[in-house]
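[1] Sequence first, predicted model second:
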Amino acid sequence: AQSVTQLGSHVSVSEGALVLLRCNYSSSVPPYLFWYVQYPNQGLQLLLKYTSAATLVKGINGFEAEFKKSETSFHLTKPSAHMSDAAEYFCAVSDGVTGGGNKLTFGTGTQLKVEL
Amino acid sequence: DGGITQSPKYLFRKEGQNVTLSCEQNLNHDAMYWYRQDPGQGLRLIYYSQIVNDFQKGDIAEGYSVSREKKESFPLTVTSAQKNPTAFYLCASMAGFSGANVLTFGAGSRLTVL
């Protein structure tokens, strides 16, 4: 069974500061990993995904994530936070099992607050 | 523009009533999914469908029902058997079945039981 743990349900940073959102995964097979962002009362949008092509993945809006197999982690970072980054962020894992519905398992989310 | 349309955006229900949430996609995606979102619990899978006229239970299917009569439509019915239906419901779709494929989400429907 696959699972995702997001450490810290709420993270607060100052505008211009580094953003670090933590995600650890558990999977019995090489995983596919995703980060999604959700703005209030909206659906989720894809930020980036890891599919084994490269361990450092760059996404939209200046975000990136590094896959570390030894640490079973896929933390999301952004060098300089902007007010518009305030949102909820979800890490997700897929085991890519075709015929099994290719279901994604989501973490519980991290609410990012950006302060002036 | 291609995308997923969910309706209604907001819905109020009295206890004991069934309600149906609509989900339509024009992306020509094969697979469709329904998730439930509660504060602090992330997204939990209710039902999913990989092909017309076929669907599978997810992790929290009790009290819900779905149909997939057309490729572009995947309505969710919240029945009176669902004990705590107040939540934000998200519909999503995916092209194909590779693990690398991305879920595309609708804007969600917020159900409140009065």
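    Sure thing, it's come through. Numbers count the residues shown, from 1 in each chain, chains lettered A, B, ... in the order given.
[2] Could you point out the longest strand of chain B?
    The strand of greatest length in chain B, counted in residues with DSSP state E as the criterion, is given as strand B:42-51.
[3] mind listing what that one pairs with, with the direction of each?
    strand B:31-38 (antiparallel), strand B:54-57 (antiparallel) (DSSP bridges).
[4] Apart from its chain neighbours, what residue comes closest to the spatially most central residue of chain A?
    A centroid search over chain A (Cα atoms, centre = their mean) returns residue A:35, at 3.1 Å, as the residue closest to the centre. In space, residue A:35 comes closest to residue A:47 once its chain neighbours are excluded; the distance is 4.3 Å by Cβ to Cβ, 6 or more residues apart in numbering or on different chains. No exception for glycine: its C-beta is placed from N, CA and C like everyone else's.
[5] Does the one you found lie in a helix or a strand, and which?
    Residue A:47 is part of strand A:44-50 when elements are defined by DSSP states H and E.
[6] Can I get that strand in CSV, CA atoms only?
    Only the C-alpha atoms of strand A:44-50 are listed here, as CSV (Å, rounded to 0.1, in the frame of the first residue of the first chain):
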residue,chain,number,x,y,z
LEU,A,44,-6.3,21.3,-7.5
GLN,A,45,-3.7,22.3,-10.1
LEU,A,46,-0.6,20.4,-10.8
LEU,A,47,2.7,22.1,-9.7
LEU,A,48,5.1,19.4,-10.8
LYS,A,49,5.6,15.6,-11.0
TYR,A,50,8.4,13.1,-10.6
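[7] Following element in sequence after the worst-scoring helix or strand of chain A on mean pLDDT, please.
    Sorting the helices and strands of chain A by mean pLDDT, DSSP states H and E puts strand A:104-106 at the bottom, at a mean of 89. Proceeding N to C from strand A:104-106, the next assigned helix or strand is strand A:110-115, under DSSP H and E.
[8] counting contacts, what elements does that next one pack onto?
    With contacts defined as 3 or more Cβ pairs under 8 Å, 6 or more residues apart in numbering or on different chains; DSSP states H and E, the secondary structure elements packing on strand A:110-115 are strand A:10-14, strand A:19-26, strand A:87-94.
[9] Run the angle between the last one and strand B:31-38 for me.
    Put simply, strand A:87-94 runs at 130 degrees to strand B:31-38, going by axes from the mean of the first three to the mean of the last three Cα atoms, to 10 degrees.
[10] What strands line up against strand A:87-94, and which way round?
    Using DSSP bridges, strand A:87-94 pairs in its sheet with strand A:32-38 (antiparallel), strand A:104-106 (antiparallel), strand A:110-115 (antiparallel).
[11] where's it relative to the chain centroid, distance-wise?
    When C-alpha coordinates are averaged (Cα atoms, centre = their mean, to the nearest Å), strand A:87-94 and its chain have centres 5 Å apart.
[12] what do you get for stretch B:86-96?
    Stretch B:86-96 has its C-alpha centroid displaced from the chain centroid by 5 Å (Cα atoms, centre = their mean).
[13] Give the buried residues for that stretch.
    For stretch B:86-96, a neighbour-count test (16 or more other Cβ atoms under 10 Å in any protein chain shown) marks B:87-94 as buried.
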